[in-house]
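*Asks:* Make a model of this:
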Amino acid sequence: MNCALITGASKGIGRAIALQLSRDHRLHILINYSSDLPAAEETLATITAEGGSAELLKFNVENKQEVDSVISNWQQEHPDGFIRVLVNNAGIAKDTLFMWMSEKNWDDVIGISLKGMFNVTQNVIRQMLKNKTGRIINMSSVSGLKGVAGQTNYSAAKAGIIGATKSLAQEVAKMNITVNAVAPGFIDTAMLKGVDMEKYMKSIPAGRIGQPEEVAHLVSFLASEKSSYITGEVIHINGGLYS
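*Replies:* Got it, this is the predicted structure:
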């Protein structure tokens, strides 16, 4: 049973990716969530209503012991299950100017986005290495490439993901495992709540914000066999927005 694990899949980009991977690849979708059970259940219901196969996996990506326990228990209960695709999507933003940023806001953002990617990937990649195949897609951001004022913590986390992606890709390429990063710009999700988009719209050549489904189509391609010679890359999806 080939599976895809998407962290932070209860809503937004994560939900769109979960739905697209189910539609395009007929993978059994492991919907990771940390606290929003109703939203996760909605993702699950949509997949199953379309004839797909999915289940919920509750864990906090920041907690390595919890990650290892939940994923390892799942693998023991599903000896025929293979997480062939991993999408490290979980992340949060806690924006403020650096001089006023609390240590907790720094640690939370780095912990969920960057440490979370480490925790989940280190567990899942063992089975990929054993099977000599796999796809790892890490969600970065335009913020990790150009930096954004008021997002020092978020930009640092997303830049770290890029560095980790490039290094890990070189370590596992000979095992037919690809590791790539996707760097969205402004995407229509709850993360844009409270953002004055009129301020930024002129800087987007496409003249609009992106949709989660557009990001999901890119991730679906990277999860496919068609992308087998692409690894260590950062693929931008931002309507032409660059520094």
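*Asks:* measure stretch 201-209 end to end?
*Replies:* When the termini of stretch 201-209 are compared using CA to CA, to the nearest Å, they are 8 Å apart.
*Asks:* Please read the previous query as pertaining to stretch 190-201.
*Replies:* End-to-end for stretch 190-201, by CA to CA: 17 Å.
*Asks:* List the buried residues of the longest helix anywhere in the chain.
*Replies:* Ordering each helix of the chain by length in residues (DSSP state H) puts helix 152-172 first. By 16 or more other CB atoms under 10 Å, the buried positions in helix 152-172 come out as 152-162, 164-166, 168-169, 172. Where C-beta positions appear, they are placed from N, C-alpha and C, glycine not excepted.
*Asks:* hey, which helix or strand in the chain has the poorest pLDDT?
*Replies:* helix 197-201 (a mean of 70; mean pLDDT, DSSP states H and E).
*Asks:* any residues touching the helix or strand that that one is followed by, and which ones?
*Replies:* Following helix 197-201 in sequence order, the next helix or strand is helix 212-222 (DSSP states H and E). Under the contact criterion CB atoms under 8 Å, 6 or more residues apart in numbering, helix 212-222 has outside partners 12-13, 15-17, 19-21, 24-25, 87, 135, 137, 178, 180, 182, 184, 187-189, 227, 230, 235, 237.
*Asks:* what packs against the next helix or strand after helix 212-222?
*Replies:* Later in the chain than helix 212-222, the nearest helix or strand by DSSP H and E is strand 234-237. Applying 3 or more CB pairs under 8 Å, 6 or more residues apart in numbering; DSSP states H and E, one finds that strand 234-237 contacts helix 152-172, strand 177-184, helix 212-222.
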